[in-house]
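Enquirer: Give me coordinates for this.
(one chain, ligands or ions: 1)
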Amino acid sequence: MSLLLDNVSYNYPGSTHGLHDVSLDVRTGELVAVIGPSGSGKSTLLKLVSGLETGHSGRIALDGADMSRTPVHQRHIGMVFQSYALFPHLSVLDNVAYGLKLRKVAVAERRRRAQELLGIVGLGEYAQRAVAQLSGGQQQRVALARALAIDPRALLLDEPLSALDASVRGHLRDQIRSIQQRFNATTLLVTHDQEEALVMADRVTMLKDGRLLQIATPRDIYENPASRAVAEFVGLSTILPAKVSAPDRLDLGFAELAAPTGRRTAGSAVQVLVRPEHIRADPPVGSINRLAGRTGAQRYLGALTRYDFEVAGAPKPFLAESARPAAEAIAIAPEHLRLLDH
Ligand SMILES: Nc1ncnc2c1ncn2[C@@H]1O[C@H](COP(=O)(O)OP(=O)(O)OP(=O)(O)O)[C@@H](O)[C@H]1O
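Expert: Numbering: from 1, shown residues only. Reported below is the predicted structural model:
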């Protein structure tokens, strides 16, 4: 099942907040992660797709069929939320079978199906337990099994891991991803955790102020962000203002650097983006784009140290990462300087 949003706009009643002109095409079996700052419209997007919120303009279609007039329960969409929203008075098995009961599937069949899904999420032996006797990570797996039990046409995951602690989260995200692939489930995953988005998704899309800024593969959104807003939100970086001084030359005020300037003409104002891992510590004197300075604050991270490197005249320090901090200079290869026009 493919999921298509075509020019979808929605305003909450009496407000200008919501979604503005969002177009998005999720292919069959694809997992698209939706990221963005708080209030950017991520949950609104899921609510519109699920039918929990209605009254948008534009088209929301599943496999080509417009969903606008289809009520929630007829959309056949599986949902998993941050707060597991399980029924505490029902057993694990009955929770998973719940959607099938609503759809009038016979008792024996729904038990068989629920048991099968519990096996898939690794909870086959917990079928008769009360939900309250499970850990957070286990409850979230029950919620996933419940969403999958109805054989959904699309899966909507709204911050499914954010209530869990870090160790459980890492494991569960691998598990959710592999189950999603096994079911070839067309999936939207809302997360505020950009690492989770990069690790789990086929493509990542970023929203800001209700608008979609970019959709790209994890590698592409990290390496080629379309705008400063995306660059700042995805990964760590240093972003500095500069002017193109000549073809493939940039003037940062405090230094001249070689960088691919493309078709930009001399005098064009740009922002230059540098990722911490692309900053080389203590390059030989005479290296291209070498900047002398001194190391400021350091954060030891085990395999790496993340540190500020201060260059005289620069409006802010460079954020760098390497096995050992630079003693007296850094260098950035021209191909690792990304130019942003807005
Ligand atoms: N029921 C509502 N009535 C009016 N405005 C709302 C309503 N729900 C959300 N909004 C507003 O719509 C915008 C988008 O909200 P939404 O919940 O989609 O953001 P979000 O990206 O999911 O944020 P968060 O990461 O904090 O959950 C926000 O400005 C929010 O204040």
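
Enquirer: Tell me who's in contact with residue 148.
Expert: For residue 148, the set of contacting residues under the criterion of C-beta atoms under 8 Å, 6 or more residues apart in numbering consists of 78, 117, 120, 155, 179, 183, 185. The C-beta positions use only the backbone N, C-alpha and C, and glycine is treated the same way.

Enquirer: in a strand, that's where it is, yeah?
Expert: No. With DSSP: H, G, I helix; E, B strand; the rest coil as the criterion, residue 148 is helix rather than part of a strand.

Enquirer: how much space between it and the ligand?
Expert: For residue 148, the distance to the ligand equals 23 Å [C-beta to the nearest ligand atom, to the nearest Å].

Enquirer: Which residue ranges make up the domains of the chain?
Expert: For the chain, the domain assignment from the TED database gives the residue ranges 3-230, 236-341.

Enquirer: if we take the contacts of residue 148, which one ends up nearest to the ligand?
Expert: When these are compared for distance to the ligand (C-beta to the nearest ligand atom), residue 155 comes out closest, at 17.5 Å.

Enquirer: quick one: the closest one from residue 297, how far?
Expert: Residue 155 sits 42 Å away from residue 297, going by C-beta to C-beta, to the nearest Å.

Enquirer: who's more crowded, these two?
Expert: For the pair residue 155 and residue 297, the greater number of neighbours falls to residue 155 (24 against 10), based on other C-beta atoms under 10 Å.

Enquirer: per-residue pLDDT, the more buried one?
Expert: The pLDDT attached to residue 155 in the predicted structure is 95.

Enquirer: Offset the numbering so it begins at 255, please.
Expert: Okay, using 255 as the starting number, the last item reads as residue 409.

Enquirer: Outside of the helix or strand where it lies itself, list whatever touches it.
Expert: In this structure, residue 409 sits in strand 408-412 according to DSSP states H and E. Counting contacts by C-beta under 8 Å, 6+ apart, the residues outside strand 408-412 that touch it are 255, 257, 280, 296-297, 300, 303-304, 316, 331-336, 401-402, 430, 434, 437, 439-444.

Enquirer: Which of the residues you listed fall within strands?
Expert: Residues from the contacts of strand 408-412 lying in strands, with DSSP state E as the criterion: 257, 280, 316, 331, 332, 333, 334, 335, 441, 442, 443, 444.

Enquirer: Okay, residue 315 and residue 510: tell me how far apart.
Expert: Here the criterion is C-beta to C-beta. By it, residue 315 lies 52 Å from residue 510.

Enquirer: Please read the previous query as pertaining to residue 554.
Expert: Counting by C-beta to C-beta - residue 554 and residue 510 are separated by 33 Å.

Enquirer: who's more crowded, the two?
Expert: Residue environment comparison for residue 554 versus residue 510 gives the larger neighbour count to residue 510, 14 against 10, counting by other C-beta under 10 Å.

Enquirer: Can you tell me how far the more buried one is from the ligand?
Expert: Between residue 510 and the ligand the distance, using C-beta to the nearest ligand atom, works out to 41 Å.

Enquirer: and residue 493, what does it touch?
Expert: The contact partners of residue 493, taken as C-beta under 8 Å, 6+ apart, are 482, 485, 486, 525, 526, 527, 528, 594.

Enquirer: Count the neighbours of the closest residue in space to residue 307 that isn't next to it in sequence for me.
Expert: In space, not counting the residues next to it along the chain, residue 307 is nearest to residue 301; the distance is 3.8 Å by C-beta to C-beta, 6 or more residues apart in numbering. Residues lying near residue 301 (other C-beta under 10 Å) number 20.

Enquirer: And residue 424, by the same measure?
Expert: When neighbours are counted by other C-beta under 10 Å, residue 424 comes out with 15.

Enquirer: Show me what whichever strand or helix holds it packs onto, helices and strands only.
Expert: In this structure, residue 424 sits in helix 420-436 according to DSSP H and E. Helix 420-436 is packed against helix 390-403, helix 448-454, with contacts defined by 3 or more C-beta pairs under 8 Å, 6 or more residues apart in numbering; DSSP states H and E.
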